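Q: just need the structure, nothing else, for what follows:
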Amino acid sequence: MSAASFQQLDQKMLSRREREVLTLIGQGQSSRQIAEKLHIAVNTVSRHRQNILQTLQVQNTAAAVEIATRLHLLLS
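A: Residues are numbered from 1 along each chain as shown. The predicted model follows:
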């Protein structure tokens, strides 16, 4: 399997919205700021955080951002 194929699989690990939330987390934004920017509820941001942690099998958002950076999951 080519590197491009692996990257496509990695991209599918998280939904587009989860990748948006994780990118904003990586930029240091709070849940409230993320909710306002994406026009969603703070509880929805929290749920996305939980899903991200579970999918990436990490305990905190710092580890999630680190893994997502390595896998090129963060949006530009």
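
Q: neighbours of the residue nearest to Gln33 when sequence neighbours are not counted, how many?
A: Residue nearest to Gln33 in three dimensions, not counting chain neighbours: Leu24, with 7.4 Å by C-beta to C-beta, 6 or more residues apart in numbering. Quick note: C-beta positions are derived from backbone N, CA and C, even for glycine. Using other C-beta atoms under 10 Å, Leu24 has 20 other residues around it.

Q: let me know the secondary structure of Leu24.
A: For Leu24, the reduced secondary structure class is helix; criterion used: DSSP: H, G, I helix; E, B strand; the rest coil.

Q: dump stretch 36-52 to PDB, restricted to CA.
A: Below are the C-alpha coordinates for stretch 36-52, written out as PDB (Å, rounded to 0.1, in the frame of the first residue of the first chain):
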ATOM      1  CA  GLU A  36     -18.900  30.000  18.500                       C
ATOM      2  CA  LYS A  37     -16.600  29.700  15.400                       C
ATOM      3  CA  LEU A  38     -18.300  26.600  14.100                       C
ATOM      4  CA  HIS A  39     -21.800  27.700  15.200                       C
ATOM      5  CA  ILE A  40     -22.400  24.600  17.300                       C
ATOM      6  CA  ALA A  41     -23.200  24.000  21.000                       C
ATOM      7  CA  VAL A  42     -20.400  23.700  23.500                       C
ATOM      8  CA  ASN A  43     -21.800  20.200  24.400                       C
ATOM      9  CA  THR A  44     -21.300  19.200  20.800                       C
ATOM     10  CA  VAL A  45     -17.600  20.400  20.900                       C
ATOM     11  CA  SER A  46     -17.200  18.300  24.100                       C
ATOM     12  CA  ARG A  47     -18.700  15.200  22.300                       C
ATOM     13  CA  HIS A  48     -16.400  15.700  19.400                       C
ATOM     14  CA  ARG A  49     -13.500  15.900  21.900                       C
ATOM     15  CA  GLN A  50     -14.600  12.600  23.500                       C
ATOM     16  CA  ASN A  51     -14.900  10.900  20.100                       C
ATOM     17  CA  ILE A  52     -11.500  12.200  19.000                       C
END
